[in-house]
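Trainee: Sharing a model prediction with you, sequence too.
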Amino acid sequence: MEMESEIDVKALFNLTYGMYIISTEWEGKKNGQIANSVMQVTATPNTVAVCLNKDNLTWELLRNSGKFTVTVLEEEVPMTFIGNFGFKSGRDIDKFASCAWKSAPGGTPVVLDYALSWIEAKVFNRVDVYTHSVFFGEVVASSCLKQGCPLTYANYHLVKKGKSPKSAPTYNLNAVK
Ligand SMILES: Cc1cc2nc3c(=O)[nH]c(=O)nc-3n(C[C@H](O)[C@H](O)[C@H](O)COP(=O)(O)O)c2cc1C
């Protein structure tokens, strides 16, 4: 007799997230991608974690560079902007050619469009988890750019009616709508 599954994936849909761009640079190639899977891990020192798909160009560049920037996106960010960073790969386009950016003190590119604040971190650990890796970074610089409401993952899905590509850890959230 087949066992009934004890996993109701809808239980995971109640987890809450923000919306961020993770950017890095390696050997002159700048790239960034949308990620919802960012969290602060400790306060002394300040550390953060981000979960990236191993197929993404950002994963590859970050594995080599060992440093990244998190840009916190505001609620007003247009879907076209999210589409560029979240549904296209830097292997096909230069994402930094069409956005405002600057270099953080540690040398990583920071996306400035629709940005409330940014956090630059140096990777001190990486844990591979099947299709993804969680990169742990110690914060080396951070700054607030303007006041505003950060875009939440729930707002992106329920108000903006956005989707998540297969590479996102929370891809199966598409199924609830
Ligand atoms: C709403 C949303 C959330 C996403 N969250 C993540 C994430 O947390 N981790 C991840 O690896 N990819 C995530 N993605 C997918 C990447 O942004 C996407 O695969 C991107 O095209 C990778 O680009 P790259 O190849 O230039 O690195 C998300 C995409 C969207 C639209």
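Mentor: Received, thanks.
Trainee: now the chain, which segments are flagged as low pLDDT?
Mentor: Along the chain, the parts satisfying pLDDT under 70 run over 1-3, 173, 175-177.
Trainee: In stretch 46-53, which of the residues would be classed as buried?
Mentor: For stretch 46-53, the neighbour count (16 or more other Cβ atoms under 10 Å) marks 47, 48, 49, 50, 51, 52, 53 as buried. C-beta here means a position set from N, CA and C on the backbone, and glycine is covered the same way.
Trainee: How about the second one: which residues does it bridge to?
Mentor: With DSSP bridges applied, the residues forming beta bridges to residue 48 are residue 40, residue 137.
Trainee: where's it relative to the ligand, distance?
Mentor: For residue 48, the distance to the ligand (Cβ to the nearest ligand atom, to the nearest Å) stands at 13 Å.
Trainee: Please look at that residue and residue 42 and confirm they touch.
Mentor: No - assessed by Cβ atoms under 8 Å, residue 48 is found out of contact with residue 42, at 9.1 Å.
Trainee: Report the contact partners of the most centrally placed residue in the chain.
Mentor: The residue lying closest to the centre of the chain (Cα atoms, centre = their mean) is residue 35, at 2.3 Å. Contacts for residue 35 (Cβ atoms under 8 Å, 6 or more residues apart in numbering) come out as 20, 21, 22, 50, 51, 52, 168.
Trainee: same check, this time on residue 86
Mentor: Applying Cβ under 8 Å, 6+ apart to residue 86 gives the contacts 33, 34, 164, 165.
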